[in-house]
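Enquirer: structure for this input, please:
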Amino acid sequence: MSKIYIELQLLKGQVDSLCKIFEKEYNTDNISSKKKEQLKRNFNIEKHISKSVVKRNLKNKKSDE
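Expert: You can find the predicted model right below:
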């Protein structure tokens, strides 16, 4: 159980880092609104993929036990 917790904490740290990078890029005034929308869309896709991977990994680990 603690191994899963540690892995979740590591993933949370990665997501937090992505959020900071995204906020820095997204809030920059010198890029076009089209570019901002593209960054936002890509970020949402990344976030969705991360959640899917976590769910799949947890499901696989439960079935292994």
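
Enquirer: neighbours around residue 58, how many?
Expert: 13 (other Cβ atoms under 10 Å). (Each C-beta comes from the backbone N, C-alpha and C, glycine too.)

Enquirer: element containing the residue nearest to it when sequence neighbours are not counted?
Expert: Excluding the flanking residues, the one nearest residue 58 by Cβ to Cβ, 6 or more residues apart in numbering is residue 4, at 6.8 Å. In the assignment (DSSP states H and E), residue 4 maps to helix 2-26.

Enquirer: got the angle for the very next helix or strand once past that helix vs helix 2-26?
Expert: Once helix 2-26 ends, the next helix or strand along the chain (criterion: DSSP H and E) is helix 33-64. Put simply, helix 33-64 runs at 180 degrees to helix 2-26, going by axes from the mean of the first three to the mean of the last three Cα atoms, to 10 degrees.

Enquirer: helices or strands up against helix 33-64?
Expert: Here helix 33-64 touches helix 2-26, going by 3 or more Cβ pairs under 8 Å, 6 or more residues apart in numbering; DSSP states H and E.

Enquirer: how about residues contacting the helix it packs on?
Expert: With contacts defined as Cβ atoms under 8 Å, 6 or more residues apart in numbering, helix 2-26 is touched by 31, 36, 39, 40, 43, 46, 47, 50, 54, 57, 58, 61.

Enquirer: tell me the buried residues within these.
Expert: 39, 43, 54 (16 or more other Cβ atoms under 10 Å).

Enquirer: what's around the nearest residue to the last one once chain neighbours are set aside, how many residues?
Expert: Read that as residue 54. Distances taken as Cβ to Cβ, 6+ apart put residue 11 closest to residue 54, at 5.9 Å, once the chain neighbours are dropped. Neighbour count of residue 11, defined by other Cβ under 10 Å: 15.
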